[in-house]
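In: Just the structure for this:
(one chain, ligands or ions: 1)
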Amino acid sequence: MLRKLLSRIFLVLFLSGVILSLAYAMYTGNRLRTGKHRVFKLAHSLDPAHPVSKSLVYMADQLKQISGGTMTIDIYPGCVLGGETEMTEQLQNGIIDMMKSSGAAMEVFIPEMKVFGLPYIFRNRDHFWTVLDGPIGSELLTKGESKHIYGICYFDAGSRNFYTRNQPVNSPKDLIGQKIRVQNSRMAISLVELLGASPTPISFGELYSALQQGIVDGAENNLPSFYSNKHYEVCKYFSFDGHTMIPDLLIINLKVWKKLSSQQQKWLHEAAMRASKYERMLWLKKTQEALEACKNLGVKFTYPDKKAFIKKVAPMLRKYEKSSLAPLLKRISETPDKVRP
Ligand code: GCU
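Out: Residues are numbered from 1 along each chain as shown. As a prediction, the model looks like this:
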């Protein structure tokens, strides 16, 4: 009798457990699917200590707050899901929802982005941000729609400079014959070739070991990326030639964007804009910190005369001034520099 009663109680408890778990799974599944609760998968190439990485974490916090906890972001940093080209393909296929990419890696998918790979087209940081905050910047964010890519905002990525293992770069002559890692970008390849070096495309995630093993003699990037990925451990020469200013971009799969309600789109946009502003401030601070830290770590910084570089890469500009990018280039050069607070 007692045994029968106990097994009945057990059966009732067991069935209630199953029913409750099913109900919970359906509830959370629905929240994720119906758009009541959205969890985004966001990937990028940078180390968690990098200012852009920190700003993405800030964005996730902001979004959670603004949306009352209904929109959250899981971040996969440091190329754990592959290089920027592979990540963009995953974004197009809906495997990841969002990513932070360099504008250079975007040129394979969005030809207009090639413009950022042209050397010395921005006069200074104010000019750069006036262009990106204005109509040109907004137009470029929508150019990837036919490739299922929608741009949300830009992040500062400073200017790109050469750094090397064995000798300082004081003039383009010092680059002759050197193997220089470049991004997966036709523009970067052409630029490095014009300077007499041999360009070698390698994913950012694999660059440290490529430098360490001597597969390449140097690379080019902004100072915070050089610092946060510890490239100073191998390359002791960093030359501020500032050949390009290529922004970072936050992009989202277009279908994912379109499926959001207009309220959700607004929240996401607002969180991204807050992060972009925060990042611009952080960028300056972190660049200065990286400079001091790298000096203490034995990196020799040089400030070469840019004129020699500008002269060497001039044919590239002339070529693109006759291409379909010509109107865009003209508009960029006619944009004034606005002084910012
Ligand atoms: C910059 C950019 C990254 C990119 C890297 C690179 O650091 O912010 O998105 O991966 O350059 O050179 O690949």
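In: CA only for contacts and neighbour counts going forward, please
Out: OK.
In: Distance check, V313 against the ligand.
Out: 20 Å (Cα to the nearest ligand atom, to the nearest Å).
In: Any idea how far the helix or strand that E193 is a member of is from the middle of the chain?
Out: In the assignment (DSSP states H and E), E193 maps to helix 186-194. Distance of helix 186-194 from the chain centroid (Cα atoms, centre = their mean, to the nearest Å) equals 20 Å.
In: tell me what the next helix or strand after it is packed against?
Out: On the C-terminal side of helix 186-194, the nearest following helix or strand under DSSP H and E is strand 198-201. Identification of packing neighbours for strand 198-201 by 3 or more Cα pairs under 8 Å, 6 or more residues apart in numbering; DSSP states H and E yields strand 179-182, helix 186-194.
In: Can you confirm whether the longest one lies near the ligand?
Out: By that I understand helix 186-194. No. Residues of helix 186-194 contacting the ligand under Cα under 6 Å from any ligand atom: none, with a closest distance of 10.2 Å.
In: what's in contact with that helix?
Out: Under the contact criterion Cα atoms under 8 Å, 6 or more residues apart in numbering, helix 186-194 has outside partners 104, 114, 117-119, 180, 182, 198-201, 312-313, 316.
In: and which of the residues you listed is nearest the ligand?
Out: The ligand lies nearest to V182 out of these, by Cα to the nearest ligand atom, at 6.8 Å.
In: okay, now that closest one: neighbour count?
Out: By the measure other Cα atoms under 10 Å, the count of residues near V182 is 26.
In: Which residue, other than its chain neighbours, is closest to it?
Out: Leaving aside its chain neighbours, V182 sits nearest to P201 (4.7 Å; criterion: Cα to Cα, 6 or more residues apart in numbering).
In: Might you report the residue contacts of that neighbour?
Out: P201 neighbours (Cα under 8 Å, 6+ apart): 181-185, 189.
In: likewise L268?
Out: L268 neighbours (Cα under 8 Å, 6+ apart): L63.
In: For this protein, what lies in contact range of the ligand?
Out: Residues of the chain found near the ligand (Cα under 6 Å from any ligand atom) are 45, 101-102, 157, 183, 204, 221, 225, 248.
In: Could you export the residues you listed as a markdown table, including pLDDT?
Out: Conversion of the residues of the chain next to the ligand to a markdown table gives the following (pLDDT from 0 to 100):
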| residue | pLDDT |
| --- | --- |
| S45 | 98 |
| S101 | 98 |
| S102 | 98 |
| A157 | 98 |
| Q183 | 98 |
| F204 | 98 |
| N221 | 98 |
| S225 | 98 |
| D248 | 98 |
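In: List buried residues within those residues.
Out: 45, 101-102, 157, 183, 204, 221, 225, 248 (16 or more other Cα atoms under 10 Å).
In: What about those residues, which are in helices?
Out: Within those, residues falling in helices by DSSP state H are 204, 225.
In: Residue of the stretch 201-341 of the chain closest to the ligand, please.
Out: Counting by Cα to the nearest ligand atom, the stretch 201-341 of the chain gets nearest the ligand through F204, at 4.3 Å.
In: Measure how far stretch 195-215 is from the centre of its chain, please.
Out: 19 Å.
In: From one end of that stretch to the other, what's the distance?
Out: End-to-end distance for stretch 195-215: 19 Å, by Cα to Cα, to the nearest Å.
In: follow-up on the earlier one: just the buried ones from the contacts of helix 186-194, in PyMOL syntax?
Out: In PyMOL, a selection of the buried entries from these looks like this (16+ other Cα under 10 Å):
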select buried, resi 104+114+117+118+119+180+182+198+199+200+201+313
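In: Put together TSV for the contacts of helix 186-194, with distance to Q263 on each row.
Out: Listed next are the contacts of helix 186-194 as TSV, based on distance: Cα to Cα, whole Å:
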residue	distance to Q263
A104	31
K114	33
G117	35
L118	38
P119	40
I180	46
V182	40
S198	49
P199	45
T200	44
P201	41
K312	50
V313	46
M316	44
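In: Wasn't I121 part of a helix?
Out: No. Applying DSSP: H, G, I helix; E, B strand; the rest coil, one finds I121 to be coil, outside a helix.
In: so it touches S333, yeah?
Out: Yes. Contact status for I121 versus S333: in contact at 7.2 Å, counting by Cα atoms under 8 Å.
In: Pick out whichever of those two has more residues nearby.
Out: Using other Cα under 10 Å as the criterion, I121 and S333 rank with I121 on top: 18 against 15.
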